[in-house]
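K.L.:
Give the three-dimensional model of this entry:
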Amino acid sequence: MKRFVFVILCLTSSVCTLPFICSHAVAQTQTGKVYTVAERQPEFPGGKAALSLYLAENIKVPGMLVRKNYNTGQIAAKFIVDELGYVHDVRVVTKPLDKKTRKGMEDFMASIITAVEKMPRWEPGEVGGKRVPVFYTLPIEVNMQ
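P.N.:
Sure, this is the predicted structure:
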């Protein structure tokens, strides 16, 4: 009986916080548009070569992945570059993971998120000559040589 009461209390506390979570999500969508395609795409300061160098210096590949020479497959960091050039809402997308490599890949993905969140301000995207927030997908290639 005690276990049943505990489960009900947990569910009740989750349901009570749900309106707060939902209202926060709605507030974010009401702040404005985020473009997926802009007339001028956002650009990392210094261009693509500087971006590649930045990522190489700031993303740490866990030793387990290096030792196993694990092919990470396609990885992409998806984020928003806002109208001021700041990066936020970073997500990492990768192929499905098996249990053996999940821990190393989780550490690797956390490293990618940290590096992207610490990026310097980008040159924001533009539509009609006006700076706008743009959803940006950055493919990340890992060469284990």
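
K.L.:
Tell me, how many residues neighbour the closest residue to T36 other than its chain neighbours?
P.N.:
Excluding the flanking residues, the one nearest T36 by CB to CB, 6 or more residues apart in numbering is F135, at 5.1 Å. (Each C-beta comes from the backbone N, C-alpha and C, glycine too.) Residues lying near F135 (other CB atoms under 10 Å) number 16.

K.L.:
Do you know the pLDDT at V66?
P.N.:
The per-residue pLDDT reported for V66 equals 70.

K.L.:
tell me what the helix or strand where it lies is packed against?
P.N.:
Using DSSP states H and E, V66 sits in helix 63-67. The elements that helix 63-67 packs onto, with contact taken as 3 or more CB pairs under 8 Å, 6 or more residues apart in numbering; DSSP states H and E, are helix 99-117.

K.L.:
any idea which helix or strand comes after the helix it packs on?
P.N.:
strand 125-127.

K.L.:
Give me the contacts around that following strand.
P.N.:
With contacts defined as CB atoms under 8 Å, 6 or more residues apart in numbering, strand 125-127 is touched by Y35, A38, E39, R40, Q41, P42, V81, R131, V132, P133, V134.

K.L.:
remind me which residues of this protein are low pLDDT?
P.N.:
Of all residues in the chain, those with pLDDT under 70 make up the ranges 1-31, 67-71, 101, 103-104, 143-145.

K.L.:
What segments of it are strands?
P.N.:
All strands of the chain, identified by DSSP state E, fall at 75-81, 87-93, 125-127, 130-132, 134-140.

K.L.:
by how many degrees do the last one and helix 99-117 diverge?
P.N.:
If you take axes from the mean of the first three to the mean of the last three CA atoms, to 10 degrees, strand 134-140 sits at 130 degrees to helix 99-117.

K.L.:
Check the first one too.
P.N.:
Here strand 75-81 runs at an angle of 30 degrees relative to helix 99-117 (the same axes, to 10 degrees).
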